[in-house]
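>>> okay, structure incoming, though there's no sequence with it:
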């Protein structure tokens, strides 16, 4: 395995930041949510109900969002973290959506900036319908 992949200290850093972000989603802590994302017009977040192009749009959607008690995730199915070197990481989570059929998918690309530290530069959240929906078309 390439020694630059999944260095334990880098995985630990990204894991802690991901967990901080997940708790901020539940708490609707917009300060932490904003701090997680790169403050740039180049940042993209595809959410379940909106496409956020640029930090300003992502922030506006967060402020307007109505919190879901306990969050939208009922249970985690699989969490995969891949770090490449010390400055790039991907986090992918498969989850059971709270009160909905299907499988939720969440992905984040993290980059460590020299002066800002780790920030999400691109993210995606979607709900995949159950396998029986759309089958046999």
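Ah, there it is. These figures come from a predicted structure and were not determined experimentally. Numbering: from 1, shown residues only.
>>> state the distance from residue 44 to residue 86.
Distance of residue 44 to residue 86, computed by C-beta to C-beta, to the nearest Å: 23 Å. Every C-beta, even on glycine, is put in place using the N, C-alpha and C of the backbone.
>>> between the two, who's got more neighbours?
For residue 44 versus residue 86, neighbours defined as other C-beta atoms under 10 Å are more numerous around residue 44 (21 against 12).
>>> you'd agree residue 26 is up against residue 33?
No: checked against C-beta atoms under 8 Å, the pair residue 26 and residue 33 is beyond contact range at 10.9 Å.
>>> quick one, which of the two is more surrounded?
residue 33 (20 against 14).
>>> how close does residue 100 sit to residue 89?
Taking C-beta to C-beta as the measure, residue 100 falls 28 Å from residue 89.
>>> more neighbours: the two, which one.
Looking at residue 100 and residue 89 with other C-beta under 10 Å, you find the greater number of neighbours at residue 89, namely 25 against 14.
>>> could you say which helix or strand holds that one?
strand 88-97 (DSSP states H and E).
>>> hang on, residue 15 in a strand?
No: with DSSP: H, G, I helix; E, B strand; the rest coil as the criterion, residue 15 is assigned helix and is not in a strand.
>>> for residue 89, give me the pLDDT.
What the model reports for residue 89 is a pLDDT of 98.
>>> likewise residue 134?
Reported pLDDT for residue 134: 55.
>>> one more: residue 49?
pLDDT recorded at residue 49 is 89.
>>> you'd agree it is in a strand?
No: under three-state DSSP, residue 49 sits outside any strand and is assigned coil.
>>> can you pull the pLDDT of the residue nearest the centre of the chain?
Closest residue to the average C-alpha location of the chain: residue 108 at 4.6 Å, with C-alpha atoms, centre = their mean. Looking at residue 108, its pLDDT stands at 98.
>>> that one: which element?
Element membership for residue 108, per DSSP H and E: strand 103-113.
>>> buried sites along that strand?
Residues 103-110, 112 are the ones in strand 103-113 that count as buried (16 or more other C-beta atoms under 10 Å).
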